[in-house]
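**Student:** okay, here's the prediction I keep looking at, along with the sequence it came from:
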Amino acid sequence: DFEEIVKSDDGRRLNAQKPDESLLLKKPTFQLPHGGGARFAKGSLEYQALLDWIAGGLQYDTGTPEAILNSSQ
């Protein structure tokens, strides 16, 4: 999934300069309408985890989501 999210479509899903403008955040929060509907809210834990990941340089990490979130707190 990392390669697909970060590199496919010329990286258009992510905006490292303006992380909150990334399609990866705008679509699931329904700030940008799409067929999948809303998946989580802007400002939620999921949103913040993705925002932090994008702003932090899109590092590949093989740890579990729980371990990654706990290490950032």
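**Tutor:** Structure's in. What do you need? Numbers count the residues shown, from 1 in each chain.

**Student:** excluding residues flanking it in the chain, which one is nearest L24?
**Tutor:** Nearest residue to L24, sequence neighbours excluded (CB to CB, 6 or more residues apart in numbering): R13, at 4.8 Å. Backbone N, C-alpha and C define where each C-beta goes, glycine included.

**Student:** helix or strand for the one you found, which one?
**Tutor:** Assignment of secondary structure by DSSP states H and E places R13 within no helix or strand.

**Student:** just give me the neighbour total for it.
**Tutor:** The tally of other residues near R13 (other CB atoms under 10 Å) stands at 18.

**Student:** does Q59 touch W53 like I think?
**Tutor:** Yes. Distance between Q59 and W53: 7.4 Å, which falls inside the contact criterion (CB atoms under 8 Å).

**Student:** who's more crowded, these two?
**Tutor:** Counting neighbours by other CB under 10 Å for Q59 and for W53 shows that W53 has the greater number, 17 against 8.

**Student:** state the mean pLDDT of the strand or helix carrying that one.
**Tutor:** Assigned by DSSP H and E, W53 falls within helix 45-55. On average, the pLDDT along helix 45-55 is 90.

**Student:** that helix - contacts with which helices or strands?
**Tutor:** Other helices and strands packing on helix 45-55, by 3 or more CB pairs under 8 Å, 6 or more residues apart in numbering; DSSP states H and E, are helix 23-26, helix 65-71.

**Student:** in it, what's buried?
**Tutor:** Neighbour-count burial for helix 45-55, with 16 or more other CB atoms under 10 Å as criterion, is recorded at E46, Y47, L50, L51, W53, I54.

**Student:** nearest to K18 among those?
**Tutor:** When the buried residues of helix 45-55 are compared for distance to K18 (CB to CB), I54 comes out closest, at 9.4 Å.

**Student:** nearest residue to the closest one other than its sequence neighbours?
**Tutor:** Nearest one to I54, counting by CB to CB, 6+ apart, is P19 at 3.9 Å.
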